[in-house]
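Visitor: Give the three-dimensional model of this entry:
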Amino acid sequence: MLTEPLLTTRREGGLDVPMLVWRSATPLRAVSSAPLGGGIGVRQWVLNATVPMSYDRDDPAEHLAGLARGLGLGGPGVGLLTGVDVAEVVARADTGVRAWATVGLGTPIPAAAPEPAAPGQRVGTVNIVVHVPARLGDAALVNAVATATEAKAQAIMELGLAATGTPTDAVTVLCPADGPEFAYGGPRSTWGAPLARAVHAAVLAGGADAVVPWSERFTG
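Guide: Residues are numbered from 1 along each chain as shown. Here you go, the predicted model:
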């Protein structure tokens, strides 16, 4: 079982910079698009770390691995980065599925935008972490990522933005490593339907309550 996220900080640039940490007492199956621990595999923790708008490191996986070591996180895990204050995380649940979202919409774009985002635009990232209480097969995990992304896009459009997300969004879906395996994760499947509702509700609430990104506090 994945814990509720613990809010902690690291000292950086003279500031206490927030981080969220989820832990599991037992290994979980996971699929993720995160810089650290991406792909499909067994994971034991998730880290979502705030970084400044000026963040330009070309080794985010190594950076996240160092942060994880500093927190005493052992074994394989997932590491996410965002320019928003992760203390503003929004949690929603539906039929046993739990979803958490940190929502930054500083650079909303349609996925098939004809041009890349202009240099200097404010950074925004939507990071989504989901725990499903039933074992999903590999195809169902991939399908669950698509379902979460569709639900996120629906919420963003309902917020009045002509966008489907931002250029740096990430999704992580975790589930038990044991038990009967479910083959489907689509929006009308047994577990995909509540996943979609939970993610939609979390992103909708997080977008509506958006605050000034933590990253802007670094630049004054």
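Visitor: Every contact and neighbour count from this point should use C-alpha atoms.
Guide: Will do.
Visitor: and the strand of greatest length in the chain, which residues are buried?
Guide: Ranked by residue count, the top strand of the chain under DSSP state E comes out as strand 15-32. Residues 17-23, 27-32 are the ones in strand 15-32 that count as buried (16 or more other CA atoms under 10 Å).
Visitor: Stretch 35-53 too?
Guide: By 16+ other CA under 10 Å, the buried positions in stretch 35-53 come out as 35-38, 40-53.
Visitor: With stretch 162-178 instead?
Guide: Using 16+ other CA under 10 Å as the test for burial, stretch 162-178 gives 163-167, 169-177.
Visitor: which residues touch stretch 141-160?
Guide: 30-32, 162-165, 171-173, 184-187, 192, 195-197, 199-201, 203-204, 207-208 (CA atoms under 8 Å, 6 or more residues apart in numbering).
Visitor: Farthest pair within the buried residues of strand 15-32?
Guide: V17 and R29 (29.1 Å; CA to CA).
Visitor: count of residues packed around P60?
Guide: Per other CA atoms under 10 Å, the neighbour tally for P60 reads 17.
Visitor: Would you confirm that it contacts G37?
Guide: No: applying CA atoms under 8 Å as the test, P60 and G37 come out as separate, 11.3 Å apart.
Visitor: that older thread, identify those among the contacts of stretch 141-160 that sit within helices.
Guide: Among those, the members falling in helices (DSSP state H) are G192, L195, A196, R197, V199, H200, A201, V203, L204, G207, A208.
Visitor: returning to that earlier point: could the buried residues of stretch 162-178 be laid out in JSON lines, adding distance to T8 and pLDDT?
Guide: Converted to JSON lines, the buried residues of stretch 162-178 look like this (distance: CA to CA, whole Å; pLDDT from 0 to 100):
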{"residue": "A163", "distance to T8": "32", "pLDDT": "94"}
{"residue": "T164", "distance to T8": "30", "pLDDT": "96"}
{"residue": "G165", "distance to T8": "27", "pLDDT": "95"}
{"residue": "T166", "distance to T8": "26", "pLDDT": "93"}
{"residue": "P167", "distance to T8": "26", "pLDDT": "91"}
{"residue": "D169", "distance to T8": "22", "pLDDT": "97"}
{"residue": "A170", "distance to T8": "21", "pLDDT": "98"}
{"residue": "V171", "distance to T8": "21", "pLDDT": "98"}
{"residue": "T172", "distance to T8": "20", "pLDDT": "98"}
{"residue": "V173", "distance to T8": "22", "pLDDT": "98"}
{"residue": "L174", "distance to T8": "22", "pLDDT": "98"}
{"residue": "C175", "distance to T8": "24", "pLDDT": "98"}
{"residue": "P176", "distance to T8": "26", "pLDDT": "98"}
{"residue": "A177", "distance to T8": "27", "pLDDT": "97"}
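Visitor: In strands, which of the residues you listed fall?
Guide: Using DSSP E, the buried residues of stretch 162-178 in strands are A170, V171, T172, V173, L174, C175, P176.
Visitor: Per-residue pLDDT of V145, please?
Guide: As predicted, V145 sits at a pLDDT of 98.
Visitor: what does the one 4 residues further on give?
Guide: Here the pLDDT value assigned to T149 is 98.
Visitor: What of D178?
Guide: Looking at D178, its pLDDT stands at 96.
Visitor: How about M53?
Guide: 74.
Visitor: And for the one 3 residues further on?
Guide: In this model, D56 is scored at 81, pLDDT.
Visitor: One more: the one 10 residues further on?
Guide: You'll see G66 listed with a pLDDT of 97.
Visitor: Quick check: it is in a helix.
Guide: Yes: under DSSP: H, G, I helix; E, B strand; the rest coil, G66 falls within a helix.
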